[in-house]
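S.K.: Sequence plus predicted model, see below.
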Amino acid sequence: MSKVSVLIVDDATFIRDLVKKGLRNYFPGIHTDDAVNGRKAQVLLTREVYDLILCDWEMPEMSGMELLTWCRQQDNHLKTVPFIMVTSRGDKENVVQAIQAGVSDFVGKPFTNEQLLTKVKKALAKVGKLDAVMSTAPQRMSSPLNDSLNALTGGKAEVLKPAGGGIANPPPVPSPEVKTAAPAGRGQGQLRLPSGNQPCIIKALTLKEASLLVKRNDKLPQILESAVLDLEQGDNAEIARLNGYLHGIVAFEQKPDSDWLQITFRFVDQDAQKLDYLSRLIARGTAQKHFVPGA
C-alpha cells in the first residue's frame, strides 16, 4: 500500500468528493483526508503528516491563504510540504500574493481530471513520492468511477493556460452569429466551463442556484459539469466567483434546433463571505440594467 497521504481542504462537499474520487481512482493505494476549512485542516495537520495539501482559497473560519501562511511559519515539514491552491481566483494580484506566501502550484476551477492529476503527479515527484504510487496507477483511467469524474469536470476538454503559468483562465468563446433575437434577460454574467467561457443571461437568482441562458454552440455543456459563474456588481465592478455545477440543461425554445439553452447552475460554496455577497446581489441586483433577481 502506498505511503502517500494527501489532505484535501474545501468548504464544498462536491469539490472534496470530486478530488478524492479522482485521486483514489488513479492511485488506488493513496490515503486521503479532508477538511471543510482551514481551521479544521490545522487540527489534522498537527496530528498527521501529509505529503501534499490541496486547498481551496475562500472558506469560512480560515481561508486557504491563511492556512498556507500558517503552514510556512511552522518549524517542521509543513514549512516545505507541497501546497496546491485549488481556486477560481485567477487575478494576477491573487496569484502573486499566493506565490509570495509560498504556494507550490495552482489548479484553476473548473478543472479537468487530467489537469488535477498532472499537478498532483508533479508535486509528488518533487518530494520523491511519485514512484511509490505510480506502480498502482492504471494504464488507462477507464473505470465507471473515473467516467463519473470526467462527466463532473468536463474531462473531454482541456482548459487553456495563460503564458507564464498561473491559474488556468481560458479566453472567451466567440459567440456565433445570432439567428434569433436574444431572450429578455435580467442580468449578465460569464459561465466558465472546462471547454471555455460562455457569456450568459441571468433569468433568476437564489442562494442555492441560478437560472441561466446561454447561446448554443458546437461545444454543448454537460449535466454535472463543474463550472464557475462570474457575476459583476457595484460601482467598483466587484466580481463574485461562484463555484458550482450544471444541475439541469433544457432547450429554451420548443424546437430541436433551439438557439438557446436554459441551465440550472447549483452553487456548492459554503463560504460565509460568498453567501453574504450573493445575498446582497439578490437584494440589490447587479450593475446590469433591468436586472431583477429572483426571490
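M.R.: Looks like it arrived, so ask away.
S.K.: What is the burial count for Glu93?
M.R.: When neighbours are counted by other C-beta atoms under 10 Å, Glu93 registers 8. Where C-beta positions appear, they are placed from N, C-alpha and C, glycine not excepted.
S.K.: And it, which helix or strand is it part of?
M.R.: Element membership of Glu93, judged by DSSP states H and E, is helix 92-101.
S.K.: Once you drop chain neighbours, what's closest to Lys122?
M.R.: Asp105 (6.9 Å; C-beta to C-beta, 6 or more residues apart in numbering).
S.K.: Cross-check the contact I'm expecting between that neighbour and Val95.
M.R.: No: the criterion here is C-beta atoms under 8 Å, and Asp105 misses it with Val95 at 11.0 Å.
S.K.: and Leu78, that's in a strand?
M.R.: No: under DSSP: H, G, I helix; E, B strand; the rest coil, Leu78 falls outside any strand and is assigned helix.
S.K.: so what's it up against?
M.R.: For Leu78, the contacting residues are 45, 71-72, by C-beta atoms under 8 Å, 6 or more residues apart in numbering.
S.K.: Can you report how many residues lie near Thr13?
M.R.: When neighbours are counted by other C-beta under 10 Å, Thr13 comes out with 12.
S.K.: Leaving out the residues flanking it, which one is nearest to it?
M.R.: Val268 (7.4 Å).
S.K.: Next: Glu58.
M.R.: That would be Asp271: by C-beta to C-beta, 6+ apart, it lies 4.8 Å from Glu58.
S.K.: For that neighbour, grab phi and psi.
M.R.: phi -60, psi 130 (degrees, to the nearest 10).
S.K.: May I ask you to confirm that it is in contact with Met59?
M.R.: Yes: if you go by C-beta under 8 Å, Asp271 and Met59 touch, sitting 5.6 Å apart.
S.K.: Name the residue in these two with the higher neighbour count.
M.R.: Met59 (29 against 22).
S.K.: how about the residue nearest to Glu58, what does it touch?
M.R.: Here Asp271 is in contact with 11, 58-60 (criterion: C-beta under 8 Å, 6+ apart).
S.K.: Which among those count as buried?
M.R.: Neighbour-count burial (16 or more other C-beta atoms under 10 Å) is assigned, among these, to 11, 58-60.
S.K.: how about CSV for the residues you listed, with pLDDT added?
M.R.: Formatted as CSV, the buried ones among the contacts of Asp271 follow (pLDDT from 0 to 100):
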residue, pLDDT
Asp11, 91
Glu58, 88
Met59, 90
Pro60, 89
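S.K.: Can you tell me which of the residues you listed is closest to Ala227?
M.R.: Checking those against Ala227 with C-beta to C-beta, the nearest one is Glu58 at 16.2 Å.
S.K.: Could you tell me how far the closest one is located from Arg47?
M.R.: Using C-beta to C-beta, to the nearest Å, one gets 25 Å for the distance from Glu58 to Arg47.
S.K.: hang on, the earlier thing: want to throw the buried ones among the contacts of Asp271 into JSON lines with distance to Leu18 and secondary structure?
M.R.: Converted to JSON lines, the buried ones among the contacts of Asp271 look like this (distance: C-beta to C-beta, whole Å; DSSP: H, G, I helix; E, B strand; the rest coil):
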{"residue": "Asp11", "distance to Leu18": "13", "secondary structure": "coil"}
{"residue": "Glu58", "distance to Leu18": "17", "secondary structure": "coil"}
{"residue": "Met59", "distance to Leu18": "16", "secondary structure": "coil"}
{"residue": "Pro60", "distance to Leu18": "19", "secondary structure": "coil"}
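S.K.: In the stretch 1-150 of the chain, where is pLDDT below threshold?
M.R.: 1-2, 90, 136-150 (pLDDT under 70).
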